[in-house]
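S.K.: give the three-dimensional model of this entry:
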Amino acid sequence: MGLRASELLNRKVRDLDDDCGILWVDQGKTCNARRHLRVPEFVRHHLRHLILSQTQDAYLFESESPGQPFRHQSLLVTVHRLCAKAGATTFCTHSLRGLYATLAVESGALSETVASSLGHSSFAMTERHYAQASSISNVKTASVDQLLTSGRGAEVAGPDVILQLILKMTPEQREQLTNTLSMLPHRATPDMP
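M.R.: Numbers count the residues shown, from 1 in each chain. Sure, this is the predicted structure:
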């Protein structure tokens, strides 16, 4: 869900709403951290089980010391243990934010939505530090590609918009677009012989 470790560890039972369907983040690292996030369906069951006999003021992830949240170091150790058990590459918990951002961009989520879900004021921060550059590049290329290859690019977006999109592309993206367009069958239009 793109949470920072501190945002996750400081969540209490009262921060869950709508039968564990929404998680409220009331504060975090920045002023933009305040947000509410839709909890994926497959996680809700686990959260319901986790809070079954908890009070509203209990931490979702409580440490062995009653009334204290799970510690960052304990979270890291737990993640490493789970990675080893699964035979997966070990990673730090913060890298999951980058994975979340990359997958959201690749799935077609709006850049503003991805930034907001991470607690950023703009996509520039998300793009610079979290989402993989290749994913962003592929999405930009695909959007220009789709406009131009649909045959409706100029009428939907207008030539100026298409030109601006192309000018924002890297040389590699332009080459990829050129290669894609060269594979299309050439059609005669009323303006072209």
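
S.K.: for stretch 33-48, give the mean pLDDT please.
M.R.: Average pLDDT, stretch 33-48: 94.

S.K.: in it, which residues are buried?
M.R.: The neighbour-count check on stretch 33-48 (16 or more other C-beta atoms under 10 Å) flags A33, R35, L37, V39, R44, L47 as buried. Placement of C-beta: from N, CA and C, glycine included.

S.K.: widest-spaced pair of those residues?
M.R.: A33 and R44 (22.4 Å; C-beta to C-beta).

S.K.: SS state for L3?
M.R.: Assigned with DSSP: H, G, I helix; E, B strand; the rest coil, L3 falls in the coil class.

S.K.: for it, give me its contacts.
M.R.: By C-beta atoms under 8 Å, 6 or more residues apart in numbering, the contact list for L3 reads V25, L37, R97.

S.K.: let's have those in JSON lines, adding secondary structure and distance to E127.
M.R.: What follows is the contacts of L3, written out as JSON lines (DSSP: H, G, I helix; E, B strand; the rest coil; distance: C-beta to C-beta, whole Å):
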{"residue": "V25", "secondary structure": "strand", "distance to E127": "21"}
{"residue": "L37", "secondary structure": "strand", "distance to E127": "20"}
{"residue": "R97", "secondary structure": "helix", "distance to E127": "13"}
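
S.K.: and of those, the nearest to K168?
M.R.: Proximity to K168 was ranked across the contacts of L3 by C-beta to C-beta; first place goes to R97, at 25.2 Å.

S.K.: any idea how far that closest one is from L118?
M.R.: Note on R97: its distance to L118, by C-beta to C-beta, to the nearest Å, is 6 Å.

S.K.: before we move on, what about R14?
M.R.: Taking C-beta to C-beta, one finds R14 at 23 Å from L118.

S.K.: and I22, by the same measure?
M.R.: I22 is 17 Å from L118, by C-beta to C-beta.

S.K.: now N10
M.R.: From N10 across to L118, the span is 16 Å (C-beta to C-beta).

S.K.: so which of these two has more stuff around it?
M.R.: In this view N10 and L118 are compared by other C-beta atoms under 10 Å, and L118 has more residues nearby, 26 against 19.

S.K.: OK, contacts around the more buried one?
M.R.: G2, R97, Y100, A101, T126, Y130.

S.K.: nearest to A58 among those residues?
M.R.: A58 has its nearest neighbour among those in G2, at 23.7 Å by C-beta to C-beta.

S.K.: quick one: the closest one and R97 touch, right?
M.R.: Yes: using C-beta atoms under 8 Å, G2 makes contact with R97 at a distance of 5.5 Å.
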